[in-house]
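**Q** one predicted model, sequence on top.
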Amino acid sequence: MFRRKIISVALPIFTALLLTSAAVHAQARIGTIQGTVKDPNGAVVPSAKVTVKQSVTGYTQSAQTDTDGTFKLVNVPFNTYTIHAEAAGFQAAEQPVDLESNIPLSVDLTLNVAGTAASVTVTASNSVDVESDRTSSDTDINQTVLERPVGATPSRAIENIVASTPGFVTDDNGRMHPRGSESQVQYVIDGVPVTDNLSAIFSTSVDARTLRTVEVLTGGIPAEFGDKLAGVINVNTRSGLEVPTQGGLSFSGGSFSTGEVGADFSTHTKRFGFLTNLSATTSQRYLDPPTIDNFHNFGRTGKGFFRFDYQFSANDTVHATLTFGGSNFQVPNRLEQELAGQDERERLRDDSQNITYQHIFSPSAVGQISIFNRYGTAELLSNRLSTPVVATQDRTLQNYGAIASLSLTRGSHNLKFGGQVTITPVRENFSFYPTQPFDPIVDDAGNVFPNPVNRFTAVNPFVFNDSRKGRTLSAYAQDHFALVKNLTLDVGLRYDNYKLVIKEGAFSPRVGLAYYIPSTKTTLRASYNRLFQPPPVENLLLASSAQAAAISPIAVLQGFTTVQPILPDKENSFEVGAQQLLSRFFRLTATVYQKRVENFSDKDQFFETGVIFPIAISSGRVTGEELRLESIEVHGFRGFLSFANAHAFEFTPISGGLFLGKDISSLFVPGIKFDADHDQRNEMQFQLSYNHPKGIYAIFNGRYDSGVPTEVEPGTTLAQFVSNGFDPRLYNEIDFQRGRVRPRMILDLSVGADVLKTDHATLNLQFDVQNLTNELFLYNFESVFSGTHVGFPRLLSGRIALRFK
């Protein structure tokens, strides 16, 4: 049945695109570099080693020329590179290249005979590049960060890695807020978008060690991307075709009985490539708890990744990825819940299957089609001693569909057109009843009303059960071209037609420009994006229902129930920026942006559980500035420094959510301005790493956060704080005058070494300290939408990894 559905949606799209002869580009921002190595007389040079290298990220890939002197480097992300060729008896040669299309980039290199005086094409490969034609705000993650993640559970490290880029506010349990948005983040994995929330309380995340490259886009988003757009995390997974047969085993252990075991293996023939990665983790501090004491917080996770590549011919390739994951974890308790004997647990499961076929029609045309499926389930279980409510959930979410694409170049134009169909079956089953009385609802005049939550009992609980099948149809057109010398334009238009609870369509124009000044090595850029972002799917049916609206405090105060649909988030995003070469070793990137938002997307968390209910806030605005200083490797040292300042504020009223007895009546009054619950004015991140040629390394990380808003009264004394049932140890972690949690500076240190290294095996040891100074801190405190979450104390961990080839 599923296969017939996929074929029925995939074939019409692909056929239509081919018949229109449109130029289309997939969302996978990777390409191929190929060419021939010759000697000065034009004869081919077999067995030459060809290496492509990116100076800032540290990305490298090598290949050897065949008997006909040709080479091919596959799965290379869009970026600027230096390509290096060397062979016995010849002088080495280098050449800069700029890969910016799926269409293979042809590069021919000439090697002069060693000892001759002929001129050689050589560039400074160990110098930083300025992105002269980049119109977007994007950050490419360094390879060292991906290969050597910090902590006892490296398979769960991707959120912290992504959050090291400018403009990301970190939150509990790996949640991220890019540029003032709640969590409008999507991963695009090998060209296939994953719009499910992949933080720990929703799903199993991507293992950073399976990733070849990570590009984080936060502004100037190309038209090929849709849905969640506050942060687009574009990742390319490793391919078995890239490297010789190899594998590894790793074992980690650390504080709170945290441990992980992982294994990977990859191999290939001339046409076939295979790669797999498996991991399993366990921890007594699985989530960020609401208390320092870390009650009831055990969890375990398992995940697997498989990638298959096959080259039918020089022009036809197919790759497929299969994933599975699951987690079982306890919901952390507050003190009163622990004393009562509460035992709430969650079970998450997910799997995905993607297959992509690519055909090269000519040196200037490439076609591609992807078929994808992702399925996930979420369960919440509670015992009868749970307080203040006993709640259960059984939810499923599926996304399946097809993406078709074709790329075409004409002169300086890289034309892109594409289409996507996504079908989204959703099923939600949720119930609860109170185990202690909820406070009555009081209006501004002091009138008291019974709380509707109290009418539910174990015999007669609140029950919601519904299912829908949504769909989204999307198409885009985009051109990346040089208008005149040194002036690059990106122009695009996207259309999305969305249907689930509501039906709505929208056009999204995207415009960007970059101007390069060669004399000063400066790139100036500006962009405008119109963004259309459907609401989060998790529990959308319940949050949009009359049943949820009927038990809201506002329904009691009004005397009637009003159901307001949760509308898509629509944004006008403006930004200007510059990138400046400071020396051959450093470059600085600066950005100023403003976002004007209608139906600002946010989420309401259900007590301490991982259950969230989407909400929409009438309007909002985000303004911000970002800086990032990056260096290439110099004598083994490499680093970056990022800073961001932002202000995110919103205007009532709100719609959606599930508010049980919360005093939120003011949020339904139109026109009230308030700071977003994830509004943070300043954050800073830095990293300094050192790599010794003998395999010894050290990584020093730091992150500063100025603190998010909290619902506290200015001037609250310690006695008043304790009398309200709060832990006195948290009193000094709140700035009552600013109405925010206190700023924090968290430092991490990693040291490691290859203690054993042979031609076929390497044994690596790594030791990590997270929160080096053991600073007590809060992610949030009594937030209306997010509750309270305590950050992690000092964590010690070690890892042993065996690599073989």
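**A** Yep, it's here. Numbering: from 1, shown residues only.
**Q** switch to C-alpha atoms for all contacts and neighbour counts from now on
**A** Fine.
**Q** I figured residue 644 hits residue 624, correct?
**A** Yes - under the criterion of CA atoms under 8 Å, residue 644 makes contact with residue 624 at 7.1 Å.
**Q** so which of these two has more stuff around it?
**A** residue 644 (25 against 20; other CA atoms under 10 Å).
**Q** just list whatever residues bridge to that one.
**A** Beta-bridge pairing for residue 644 (DSSP bridges): residue 626, residue 683.
**Q** cool, and residue 277?
**A** residue 264, residue 305.
**Q** hmm, it is touching residue 302, no?
**A** No - using CA under 8 Å, residue 277 is not in contact with residue 302, being 11.0 Å away.
**Q** return the helix or strand in this protein with minimum mean pLDDT.
**A** The least trusted helix or strand in the chain, going by mean pLDDT, DSSP states H and E, turns out to be helix 2-19, with a mean of 41.
**Q** check which helices and strands the helix or strand that that helix is followed by is in contact with.
**A** Downstream of helix 2-19, the first helix or strand assigned by DSSP states H and E is strand 30-38. Counting contacts by 3 or more CA pairs under 8 Å, 6 or more residues apart in numbering; DSSP states H and E, strand 30-38 packs against strand 70-77, strand 105-106, strand 109-110.
**Q** helices or strands next to the second one in the packing?
**A** It refers to strand 105-106. Against strand 105-106 (3+ CA pairs under 8 Å, 6+ apart) you get strand 30-38.
**Q** wait, residue 329 sits on residue 297?
**A** Yes - the criterion here is CA under 8 Å, and residue 329 meets it with residue 297 at 7.2 Å.
**Q** now for these two: what residues contact both?
**A** With contacts defined as CA atoms under 8 Å, 6 or more residues apart in numbering, the residues shared by residue 329 and residue 297 are residue 286.
**Q** hey, where'd the helices end up in the stretch 51-200 of the chain?
**A** With helices called from DSSP state H, counting those that start in this stretch, the stretch 51-200 of the chain shows them at 143-147, 158-162.
**Q** to residue 757, which of those lies closest?
**A** With CA to CA, the closest approach to residue 757 among those belongs to helix 143-147: 17.3 Å.
**Q** buried ones in that closest one, by neighbour count?
**A** By 16 or more other CA atoms under 10 Å, the buried positions in helix 143-147 come out as 143, 145-146.
**Q** below-threshold pLDDT in the stretch 51-200 of the chain: ranges please.
**A** Scanning the stretch 51-200 of the chain for pLDDT under 70 picks out the ranges 115-126.
**Q** which residue ranges form the strands in it?
**A** For the stretch 51-200 of the chain, the strands defined by DSSP state E, counting those that start in this stretch cover 60-64, 70-77, 79-86, 93-99, 105-106, 109-110, 137-140, 168-170, 176-178, 185-189, 192-194.
**Q** who does the last one touch, helix- and strand-wise?
**A** With contacts taken as 3+ CA pairs under 8 Å, 6+ apart, strand 192-194 sits against strand 185-189.
**Q** show me what the strand it packs on pairs with in its sheet, parallel or antiparallel.
**A** strand 192-194 (antiparallel), strand 231-237 (parallel).
**Q** with distance to residue 43 as extra columns, can I get the helices of the stretch 51-200 of the chain in TSV?
**A** Output for those, formatted as TSV (distance: least, CA to CA, whole Å):
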stretch	distance to residue 43
helix 143-147	36
helix 158-162	46
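**Q** wait, which of those is closest to residue 648?
**A** Closest of the helices of the stretch 51-200 of the chain to residue 648 is helix 158-162, at 20.4 Å (criterion: CA to CA).
**Q** what sits up against that closest one?
**A** 141, 145-146, 174-176, 199, 205-208, 216, 233.
**Q** let's see it at 7 Å
**A** 174, 206-208 (CA atoms under 7 Å, 6 or more residues apart in numbering).
**Q** how about stretch 305-316?
**A** 239, 271-278, 317-324, 358-360.
**Q** buried residues, it. List them.
**A** For stretch 305-316, using 16+ other CA under 10 Å, the buried residues are 305-311, 316.
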